[in-house]
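J.: predicted coordinates and the sequence they were generated for:
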Amino acid sequence: PERDAHGPPRAFDVDVMAASLVSRALEPCPTGTTPLSGDALNALVTELPTWQVTDGRLVRAFACDTFAAALGLANRLLPVVEDANHHPDLLVRWGELRVTMWTHSIGGLHVNDFIVAARIEAALGG
């Protein structure tokens with residue numbers, strides 16, 4: 001992506017990158033698959049700049065005005081995760097919906113976590 005000489009990718013560049021993840025097909029992830037690390041992980045992280053990798057998990061907090069708004073966001077992402085059959089951990093509380101993605105069967109991050117995170121981002125208008 002193009003970068004300003006003094007900063008991160010411009011917004012339209014990020015949108016193009018995330019769009020490529022949104023349309024990407026989910027990949028098989030059999031038990032025993034090695035979680036992402038190194039350059040492969042770093043490349044995907046740059047495609048979702050509003051998400052962070054924390055303790056081997058992909059995390060994004062969505063700010064909300066109320067508890068009801070946070071719960072509403074959680075309900076809006078339901079069709080996305082059900083369709084993918086890839087379910088995040090959710091923390092719903094006043095002022096925030098925190099989404100944590102990771103592939104439980106491999107104990108770490110897989111490309112599918114990034115694909116579903118991009119779809120969540122698109123569905124919630126991130």
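T.: Noted; the coordinates are in hand. Quick caveat: nothing in here was measured; it's all calculated off a predicted structure. Numbering: from 1, shown residues only.

J.: please make it C-alpha for all contacts and neighbour counts, starting now.
T.: Will do.

J.: state the helix or strand in which the closest residue to Ala61 other than its chain neighbours lies.
T.: Using Cα to Cα, 6 or more residues apart in numbering and skipping the chain neighbours, the partner closest in space to Ala61 is Arg98 (4.3 Å). Secondary-structure assignment from DSSP states H and E places Arg98 in strand 96-101.

J.: equivalent analysis for Thr46, please.
T.: Using DSSP H and E, Thr46 falls in helix 38-47.

J.: quick one: mean pLDDT over the next helix or strand along the chain from that helix.
T.: Next in sequence after helix 38-47, counting helices and strands by DSSP H and E, comes strand 52-54. Mean pLDDT, strand 52-54: 96.

J.: report the rounded mean pLDDT for the helix or strand following strand 52-54.
T.: Remark: after strand 52-54, the chain's next helix or strand is strand 57-63, criterion DSSP H and E. The pLDDT scores in strand 57-63 average 97.

J.: who does strand 57-63 touch, helix- and strand-wise?
T.: strand 52-54, strand 96-101 (3 or more Cα pairs under 8 Å, 6 or more residues apart in numbering; DSSP states H and E).

J.: what comes up buried for the helix or strand that comes right after the last one?
T.: In other words, strand 96-101. Downstream of strand 96-101, the next assigned helix or strand under DSSP H and E is helix 111-123. Neighbour-count burial for helix 111-123, counted by 16 or more other Cα atoms under 10 Å, picks out 111-122.

J.: and the angle from helix 111-123 to strand 96-101?
T.: Comparing the axes of helix 111-123 and strand 96-101 via axes from the mean of the first three to the mean of the last three Cα atoms, to 10 degrees yields an angle of 150 degrees.

J.: can I get helix 111-123 in CSV? Just the C-alpha atoms.
T.: Taking Å, rounded to 0.1, in the frame of the first residue of the first chain, the C-alpha atoms of helix 111-123 are listed here in CSV:
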residue,chain,number,x,y,z
VAL,A,111,-5.8,-16.8,8.3
ASN,A,112,-9.5,-17.5,8.9
ASP,A,113,-9.4,-15.3,12.0
PHE,A,114,-8.3,-12.4,9.9
ILE,A,115,-10.9,-13.1,7.2
VAL,A,116,-13.7,-13.2,9.7
ALA,A,117,-12.4,-10.1,11.5
ALA,A,118,-12.4,-8.3,8.1
ARG,A,119,-16.0,-9.4,7.5
ILE,A,120,-17.0,-8.3,11.0
GLU,A,121,-15.3,-4.9,10.4
ALA,A,122,-17.3,-4.6,7.1
ALA,A,123,-20.6,-5.6,8.8
